[in-house]
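Asker: Based on what follows, work out the 3D shape:
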Amino acid sequence: MRQGCYLCRMWLDEAKKVQVFEGVDRQVFERDILPFQRPAILKGAARHWPAVAKAAEGAEVLCNYFSAHANEQKIVFLSAKPEIDGRYSFSDDLRSLNHQQRQLPFSVIAGLLLRDRDDDSAPTHYAGGVPVQHIMPGVLAENTLDLMPPDKPRQISLWIGNKTRTAAHWDLPQNLACVVAGKRRFTLFPIDQIDNLYITPLDLTLAGQPTSLVDFYKPDFDAFPKFADAIPHAEVADLDPGDVLYLPSLWFHHVESLENFGAMINFWWREGPAYLNRSTPLTTLMHGLLTLRDLPLEERLRWRTLFDHYLFQPEGEAVAHIPVHARGLFGAMTPEIEKQLKAYVAQTLSR
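Answerer: The predicted model follows:
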């Protein structure tokens, strides 16, 4: 089995543990977990899945189960030399990847995973973000979670690979990560640790999300000294097959498969009004690069005050002194206001 640096990893074993909840149903999830926006382990919440039962019979049985439901649509497949110790990332100079990416059908991917999973001299392999609805809808039909309303829009993704690691990153949606096969570990940090995690630029990503440059197995404190300040804020979730991790939006998470074969299915969704699904705060951040970043510091700080006032106060408080009929674009969102706001932004961008 491939091993990381044990002494360097001791901080992971000593980190605070994510709270565990037993016997979670939708009522418990919506009452005791979701409102608090804290990571939580839902022990055994997916233990009833046919996929988990197949995994218990062996990696071959699970791969055959997935392959029997999969179509021939190609998906992104990552392979890397054993020297990277399962850590898929960039080259040291950030000019290239430290692994190879190909497009293959799932049936071929399954064969490569099984062939090389116990060979320390072979490449490691990994397929992530596989759209279950499009590639293997039958798997989705048989492996369901009743923790959210059935009409809630969601995206379901499969992650399957050998002993691999995904660098710490944040995701916009909320996430229920369901372990199907193998033990898995999530190392979590709140978003306020972004300065200490040494994140890549927003447009330098492996799969759409900026990631930490710190190797959690072998932290280089000379290159990344502030990472030492992040360590006391770490929270670790160790998961067995059938366990589910609830991960709120914008929590950094480093994910590692602790065995030579692992699989996980994620349910992603966003809270809030439906119109929020048509745009994201990341668009605002990118627009800020054009309109805010290069202003003089004192002016930028004044703009931060305006943002705090109009966007981050409790709902409606910024215009509470204005009659409802006179609040204009700052009133409750309607299709007409949404249309006006988009037109305004589009007009400014076209100048």
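Asker: How about residue 329, nearest residue that isn't a chain neighbour?
Answerer: residue 337 (5.8 Å; CB to CB, 6 or more residues apart in numbering). (Each C-beta comes from the backbone N, C-alpha and C, glycine too.)
Asker: so which strand or helix has that neighbour?
Answerer: Applying DSSP states H and E as the criterion places residue 337 in helix 335-349.
Asker: Report the rounded mean pLDDT for that helix.
Answerer: For helix 335-349, mean pLDDT is 88.
Asker: how far is stretch 215-225 from where the chain is centred?
Answerer: The gap between where stretch 215-225 is centred and where its chain is centred comes out at 22 Å by CA atoms, centre = their mean, to the nearest Å.
Asker: I meant to write stretch 17-35 there.
Answerer: With CA atoms, centre = their mean, you get 19 Å for stretch 17-35.
Asker: Between the two ends of that stretch, how far is it?
Answerer: 20 Å (CA to CA, to the nearest Å).
Asker: Tell me the buried residues in that stretch?
Answerer: Using 16 or more other CB atoms under 10 Å as the test for burial, stretch 17-35 gives 18, 21, 24, 29, 33, 34.
Asker: One more: stretch 143-150?
Answerer: So for stretch 143-150, counting by 16+ other CB under 10 Å, buried means 143, 145, 147, 148.
Asker: if we can go back for a sec, pull the residues that contact the helix holding residue 337.
Answerer: With contact meaning CB atoms under 8 Å, 6 or more residues apart in numbering, helix 335-349 is reached by 275, 287, 329, 331.
Asker: Over to residue 241. Which of the three states is it?
Answerer: Under DSSP: H, G, I helix; E, B strand; the rest coil, the three-state class of residue 241 is coil.
Asker: So what's the gap between the helix or strand of the chain with the lowest mean pLDDT and the chain middle?
Answerer: Every helix and strand in the chain was compared by mean pLDDT, DSSP states H and E; the lowest is helix 10-13, with a mean of 82. Relative to the centre of its chain, helix 10-13 is centred 22 Å away, using CA atoms, centre = their mean.
Asker: State the paired neighbours of the helix or strand following that helix in the sheet, together with their directions.
Answerer: For helix 10-13, the succeeding helix or strand toward the C-terminus, using DSSP H and E, is strand 16-17. Partners of strand 16-17 in the sheet, by DSSP bridges, are strand 235-239 (parallel).
Asker: next one: the strand it pairs with to chain centre, how far?
Answerer: Centre-to-centre, strand 235-239 and its host chain are 15 Å apart (CA atoms, centre = their mean).
Asker: pLDDT (mean, whole number) over it?
Answerer: The pLDDT scores in strand 235-239 average 97.
Asker: now stretch 155-168
Answerer: Rounded mean pLDDT across stretch 155-168 is 94.
Asker: Show me which positions of that stretch end up buried.
Answerer: Neighbour counts over stretch 155-168 (16+ other CB under 10 Å) mark 156-168 as buried.
Asker: got those as JSON lines, with secondary structure and distance to residue 102 columns?
Answerer: Output for those, formatted as JSON lines (DSSP: H, G, I helix; E, B strand; the rest coil; distance: CB to CB, whole Å):
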{"residue": "156", "secondary structure": "strand", "distance to residue 102": "23"}
{"residue": "157", "secondary structure": "strand", "distance to residue 102": "19"}
{"residue": "158", "secondary structure": "strand", "distance to residue 102": "17"}
{"residue": "159", "secondary structure": "strand", "distance to residue 102": "17"}
{"residue": "160", "secondary structure": "strand", "distance to residue 102": "15"}
{"residue": "161", "secondary structure": "strand", "distance to residue 102": "14"}
{"residue": "162", "secondary structure": "coil", "distance to residue 102": "15"}
{"residue": "163", "secondary structure": "coil", "distance to residue 102": "20"}
{"residue": "164", "secondary structure": "coil", "distance to residue 102": "16"}
{"residue": "165", "secondary structure": "strand", "distance to residue 102": "20"}
{"residue": "166", "secondary structure": "strand", "distance to residue 102": "18"}
{"residue": "167", "secondary structure": "strand", "distance to residue 102": "20"}
{"residue": "168", "secondary structure": "strand", "distance to residue 102": "25"}
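Asker: now for these, which pair is the farthest apart?
Answerer: 156 and 163 (24.0 Å; CB to CB).
Asker: show me what contacts the residue nearest to residue 146 when sequence neighbours are not counted?
Answerer: Sequence neighbours aside, residue 26 is the residue nearest to residue 146 in space, at 5.6 Å (criterion: CB to CB, 6+ apart). Residue 26 makes contact with 146, 147, 148, according to CB under 8 Å, 6+ apart.
Asker: For residue 26, give me the pLDDT.
Answerer: 95.
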